[in-house]
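Engineer: No sequence on hand, only this structure:
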């Protein structure tokens, strides 16, 4: 075991792979060469349309131990991952690695495939039951969690080699050109599957909406697709477009959102020439978006761009002219999907362009203010979004560590959650290093990372209740007391990989 | 020397590189792996905007013997290639390889850089004076000509490694996102530079039109760009949008176009479910497009798509509803550029999607009827578009061999050109193998490749004057006599590379 730059102990090697300990957020300068996918020839792709999913699977010649990938734009409405993994299990395959961009509660059936040894390894985010299975040590290999940008990087750099990618496509043509804009399973943006399509040895497109050639935009290019299979249903539309996009009604959370908006304003960011922002689809983030919109309207200012997760509040800003563009990474509601399809200034982006650390710049670094939630934050501003303070691994990273490259990264969180302090001495799991986290906003006060003296300077004269993070923690502990720490076994069940491919932390098996 | 599948003698090795002799149009099934570009990190790309072109060049650390690439969407209006090569010459560099997608008469100044040893090798199409210099043996290495798809393939597969790509961008933002749609040097489509941006070690964008971020569509992605330099002028707008898009007035050529359109009709292609076509911007092709449009209008039929080079005749068809889409590879006039910018069914394509042989299918194979010109065609239907019958290398391949993958490839040409028969016993240089060329249309008759018995079947009962190609040749020779053959030196000055990377023919130094 070696100690990484944050003091976390990292094994030198795991499952036969040498690990690189985290060494600082921007210490990595690249090097080496990208993965080199196999060269195919047009002559072998005269008819890609297979009679069934079974025929497409058959054509892929999947073997024990291979790596199978999926994207998660259908979220908790996805039927594809279960459908494909059931078929692979029926074929008697064992020891498979599943590499989804993320798993959701709907993917609970995978747990039985884990228990039967069909799946022995997961590289991807695990929201809910599969994360729980991981916490219980049900897989023989150590899971790897990556951010959206980190996943693109890992595939691009060859760290994560995909044998067969199964891509759920809400609209596809017979050449394999795909997008998520139309059809019964429309999800809007579907670009998390981009790296899979570019680098996997074999690529299967599944669709329930075969459209005439050419299907444009071709978010996934047919020139990267081996086989196309038409299935009855990709998923459950009610669940694909999640119901999360409601502004919080909690006065505490509304206050936090208001503080965050005032903070952005008080730092003078709104008036800067190319103001831009990113906020998620959680209740506080949506309220922040609304308050920010109000400010832009009052001052007659237009943002250069807003980064999505798009939702109706962001779309209203675009349509009202409060932002010039939405640069979208996923659509959280039907309004977002409709806008993406119809509004030429609502642009689909992908994890290469947006988030990948191993490219020549990305969009994340151009965002002025990013507002994110967290499950824990510690005195060094390290953030945990993966494990709960009871130790269960229940969440993926999403774009978290990538978004933290914004000029000003703001964490919004209530001081207490279920009588537990959000601020801890040291986070259970480090997802993002404190050096990339700039400000914590709670209902009781705002703490600026002392390393950001430039932001502290900008905030001179603010009416916001500025505190140190230690003061905020003390307030919380005075109310709720010190939380109990979860007990772990020695065994490491998951690695939290930083966006540059180093290991920032590990997750241990839970003692239950 | 070894004999390739067409009986042409090919050296086993040239300039230290082993050559693969052409072995049939669809004999290649891929294999091996694509090129693996270097891995860079975001942290090193905080400001890509350089103060000048010199500063950008300085940052690239160009050394003797390196390979420098360019695209040719500015055609004969391009100032960039001369500008950059002059600067590299001033810096005292020698032995450079220039890898443009094509050179034009405007690039004649490169001849002096060839004579002084700044440039010793060219991999790319050479239209005009630089081709002449090649024919005269002025370069120490053997030039390589490739089709648009062949060039993408060569870069993708690592056969053509580019050290520094200079990309002329009519519109670019400070992140390096580029397209050709706006600005004083607008050229419309600019995707010939795609492979360069993806695979070159270093990528410099030159623009005379720096636009606000995000510049969308990002045909060239900023994430692939190292440096951006603003220059006064990329080129001469009058020459960028060439004046070639005029329908022929020659009664002979109009008759050829009429025959070609009737041929497409008589084969029943127009009524097939997904009719599509491609025709160039030459006089006969434009007349063909017009006649075909008339037929579609009369019959109330809409083409699924037309492939560009776009021009005002094609755009009129799109706007009238005679084709659902234009899938465009380059814009030949201002109307094409305007339509690309404004019409969502006018779609920019790139050589990967359109033409590359080493991918999982491409658009070329989905085209029903392609109409192309030729300088020579022989009794085996082999076509020459590179050399004139006097032996001078004066033309590039363009998309010729790629387009020949259409269901029905039709060559249109007058029987005689300047008292020389277009049909020869054996072409001076083979650009495209006869097995991919289906029909020759002349003003005196139409010859179908006897291998296409299916097309002959479809043409039963046609009123067109069907002849054998030998009969047509006899007619020509009876009028004009046997042409004199050019005399060549032994030295090979250029290779004609087929789209799969094999060598289909060589060009020898001209005896003058």
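Structural biologist: That came through, no problem. Quick caveat, the model's predicted, so the values are computed rather than measured.

Engineer: so who does residue A:373 touch?
Structural biologist: Applying CB atoms under 8 Å, 6 or more residues apart in numbering or on different chains, we find residue A:373 in contact with A:280, A:282, A:284, A:285, A:385, A:411, A:412, A:413. Every C-beta, even on glycine, is put in place using the N, C-alpha and C of the backbone.

Engineer: What about those, which are in strands?
Structural biologist: Residues of those located in strands (DSSP state E): A:411, A:412.

Engineer: Let's have the contacts of residue A:373 in a markdown table, adding pLDDT, distance to residue A:302 and neighbour count.
Structural biologist: As requested, the contacts of residue A:373 are exported to a markdown table (pLDDT from 0 to 100; distance: CB to CB, whole Å; neighbours: other CB atoms under 10 Å in any protein chain shown):
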| residue | pLDDT | distance to residue A:302 | neighbour count |
| --- | --- | --- | --- |
| A:280 | 83 | 22 | 25 |
| A:282 | 86 | 25 | 21 |
| A:284 | 94 | 24 | 27 |
| A:285 | 94 | 20 | 25 |
| A:385 | 97 | 31 | 24 |
| A:411 | 98 | 27 | 26 |
| A:412 | 98 | 24 | 28 |
| A:413 | 97 | 30 | 22 |
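
Engineer: now the strands for the stretch 401-512 of chain A?
Structural biologist: A:408-412, A:416-417, A:420-421, A:423-424, A:439-442, A:445-448, A:466-467, A:488-497, A:503-510 (DSSP state E, counting those that start in this stretch).

Engineer: typed the wrong thing, it's the stretch 51-200 of chain A
Structural biologist: Ranges of strands in the stretch 51-200 of chain A, per DSSP E, counting those that start in this stretch, are A:67-70, A:96-100, A:102-103, A:119-122, A:125-126, A:143-145, A:164-169, A:171-172, A:178-179.

Engineer: Make CSV from those strands and add mean neighbour count to it.
Structural biologist: Output for the strands of the stretch 51-200 of chain A, formatted as CSV (neighbours: other CB atoms under 10 Å in any protein chain shown):
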stretch, mean neighbour count
strand A:67-70, 25
strand A:96-100, 26
strand A:102-103, 25
strand A:119-122, 23
strand A:125-126, 26
strand A:143-145, 26
strand A:164-169, 29
strand A:171-172, 26
strand A:178-179, 29
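
Engineer: Can you lay out the ones you listed as JSON lines showing mean pLDDT and distance to chain B?
Structural biologist: Formatted as JSON lines, these follow (pLDDT from 0 to 100; distance: least, CB to the nearest CB, whole Å):
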{"stretch": "strand A:67-70", "mean pLDDT": "98", "distance to chain B": "17"}
{"stretch": "strand A:96-100", "mean pLDDT": "98", "distance to chain B": "20"}
{"stretch": "strand A:102-103", "mean pLDDT": "97", "distance to chain B": "23"}
{"stretch": "strand A:119-122", "mean pLDDT": "98", "distance to chain B": "24"}
{"stretch": "strand A:125-126", "mean pLDDT": "95", "distance to chain B": "21"}
{"stretch": "strand A:143-145", "mean pLDDT": "98", "distance to chain B": "19"}
{"stretch": "strand A:164-169", "mean pLDDT": "98", "distance to chain B": "12"}
{"stretch": "strand A:171-172", "mean pLDDT": "98", "distance to chain B": "13"}
{"stretch": "strand A:178-179", "mean pLDDT": "98", "distance to chain B": "13"}
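
Engineer: Would you tell me which one of the strands of the stretch 401-512 of chain A is buried the most?
Structural biologist: Across the strands of the stretch 401-512 of chain A, averaging neighbours per residue (mean count of other CB atoms under 10 Å in any protein chain shown) puts strand A:439-442 on top, at a mean of 27.

Engineer: Give me the helices and strands touching it, please.
Structural biologist: helix A:251-266, strand A:408-412, strand A:445-448, helix A:469-480 (3 or more CB pairs under 8 Å, 6 or more residues apart in numbering or on different chains; DSSP states H and E).

Engineer: which one of those is the most hemmed in?
Structural biologist: Among those, ranked by average contacts under mean count of other CB under 10 Å, first place goes to strand A:408-412 (a mean of 25).

Engineer: Contacts (any at all) between chain B and that strand?
Structural biologist: No - contact of strand A:408-412 with chain B is not found when judged by CB under 8 Å from any CB of the partner chain; the minimum separation is 15.2 Å.

Engineer: Let me know the angle separating that strand from helix A:251-266.
Structural biologist: Orientation check (axes from the mean of the first three to the mean of the last three CA atoms, to 10 degrees): strand A:408-412 against helix A:251-266 gives 170 degrees.

Engineer: interface residues of the stretch 1-150 of chain A facing chain B?
Structural biologist: A:26, A:28-46, A:48.

Engineer: Just give the nearest non-adjacent residue to residue A:196, would you?
Structural biologist: Excluding the flanking residues, the one nearest residue A:196 by CB to CB, 6 or more residues apart in numbering or on different chains is residue A:165, at 3.7 Å.

Engineer: Reformat the helices and strands packed on strand A:439-442 as a markdown table; add distance to residue B:225.
Structural biologist: Formatted as a markdown table, the helices and strands packed on strand A:439-442 follow (distance: least, CB to CB, whole Å):
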| stretch | distance to residue B:225 |
| --- | --- |
| helix A:251-266 | 30 |
| strand A:408-412 | 25 |
| strand A:445-448 | 34 |
| helix A:469-480 | 39 |
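
Engineer: Do you know the pLDDT at residue A:242?
Structural biologist: Per-residue confidence (pLDDT) for residue A:242: 68.

Engineer: now do residue A:245
Structural biologist: In the prediction, the pLDDT value recorded for residue A:245 is 65.

Engineer: ok, the nearest residue to residue A:286 once chain neighbours are set aside - contacts?
Structural biologist: The shortest distance from residue A:286 to any non-neighbouring residue, by CB to CB, 6+ apart, is to residue A:247 (4.6 Å). Neighbouring residues of residue A:247 by CB under 8 Å, 6+ apart: A:283, A:286, A:287, A:290, A:313.

Engineer: what does residue A:66 give?
Structural biologist: Shown in contact with residue A:66 (CB under 8 Å, 6+ apart): A:93, A:96, A:97, A:163, A:164.

Engineer: now it: how far from residue A:107?
Structural biologist: Distance, residue A:66 to residue A:107, using CB to CB, to the nearest Å: 19 Å.

Engineer: How about residue A:421?
Structural biologist: Remark: distance between residue A:421 and residue A:107 (CB to CB) = 32 Å.

Engineer: before we move on, what about residue A:428?
Structural biologist: Distance of residue A:428 to residue A:107, computed by CB to CB: 24 Å.

Engineer: Please name the nearest non-neighbouring residue to the residue of the stretch 151-300 of chain A found nearest chain B.
Structural biologist: Taking CB to the nearest CB, chain B has its nearest neighbour within the stretch 151-300 of chain A at residue A:223, 4.2 Å off. Counting by CB to CB, 6+ apart, residue A:223 lies nearest to residue B:359, which is 4.2 Å off, once chain neighbours are set aside.

Engineer: On the three-state scheme, that neighbour is what?
Structural biologist: Following DSSP: H, G, I helix; E, B strand; the rest coil, we place residue B:359 in the coil state.

Engineer: so it makes contact with residue A:43?
Structural biologist: No - counting by CB atoms under 8 Å, residue B:359 stays clear of residue A:43, with 11.1 Å between them.

Engineer: Same drill for those two, tell me which one is more crowded.
Structural biologist: More crowded of residue B:359 and residue A:43, by other CB atoms under 10 Å in any protein chain shown: residue B:359, with 25 against 17.

Engineer: show me the contacts for the residue nearest to the spatial centre of chain A.
Structural biologist: In chain A, the centroid-proximal residue (CA atoms, centre = their mean) is residue A:398; its distance is 1.5 Å. Residues in contact with residue A:398 (CB under 8 Å, 6+ apart) are A:102, A:125, A:147, A:148, A:385.

Engineer: Could I get the buried residue list for the helix or strand of chain A with the lowest mean pLDDT?
Structural biologist: Ranked by mean pLDDT, DSSP states H and E, the weakest helix or strand in chain A is helix A:237-240, scoring a mean of 90. Going by neighbour count (16 or more other CB atoms under 10 Å in any protein chain shown), the buried part of helix A:237-240 is A:237, A:239, A:240.
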